[in-house]
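> I would like to see how this sequence folds:
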Amino acid sequence: MKFLILLLFPVFSFSQAKLDTVSFLSGKVKILAPKALKPMSDEMWTLKYQNRPRPVLVLSDNDGEVNLIADMTQQPARENQLVSFKDFQIQQLKSRRPDLQLLSDSVQTINGKKVGYFKFLTQAIDQKVFNYYFFTLVDGKILLLTFNCIEKLQKKWESTADQIVASLRTN
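Coordinates of the predicted model:
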């Protein structure tokens, strides 16, 4: 049995991405982010997201298959409104994306702050995409973060995305 554990240990230890602390919004927000993700080029941003304004944080792997994006909304809110915000966002997405397959959703306390999230799959042009939206309040407004990857990478990246969410800290 010990031999089996020692044999499998390298597999488990390398399955998790190496994480580094990333700070943004003048140090008001800190998260752990995979070292493999780097700032997305303006060219890739335009290719993937057309004319949408560039958010405050856009990290991606070299192929654009794994992305971490964060942006402030201008929507004022209080912590007791995060469940309603989550439910509203899900309904809005479902109305625009009938292909949306909701996997899970909740609002939890993380590092002393309420954080809402929902995980879902959507169909892209040629494959499905795993999406993980999570959000909290910063200065009384909603900070929305998105982690996504192609579905075939979901098993590899979902636990790392859970670590990113669990690491979220705001001042």
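
> what bridges to the residue nearest to Leu144 when sequence neighbours are not counted?
Leaving aside its chain neighbours, Leu144 sits nearest to Phe135 (4.7 Å; criterion: Cβ to Cβ, 6 or more residues apart in numbering). (Glycine included, C-beta is placed from N, CA and C.) Beta bridges link Phe135 to Gly116, Leu144 when assigned by DSSP bridges.

> I figured Phe135 hits Lys113, correct?
No - between Phe135 and Lys113 there is no contact under Cβ atoms under 8 Å: 10.7 Å.

> those two: which is more packed in?
Just comparing Phe135 and Lys113: by other Cβ atoms under 10 Å the higher neighbour count belongs to Phe135, 25 against 15.

> and the more buried one, what pLDDT?
On the pLDDT scale, Phe135 is placed at 97.

> cool, and the one 5 residues further on?
According to the predicted model, the pLDDT of Gly140 comes to 96.

> angles on the backbone of it, please.
phi 80, psi 10 (degrees, to the nearest 10).

> nearest residue to it other than its sequence neighbours?
Pro76 (5.4 Å).

> OK, contacts around the residue nearest to Leu144?
Leu82, Phe85, Lys86, Val115, Gly116, Tyr117, Ile142, Leu143, Leu144, Leu145 (Cβ atoms under 8 Å, 6 or more residues apart in numbering).
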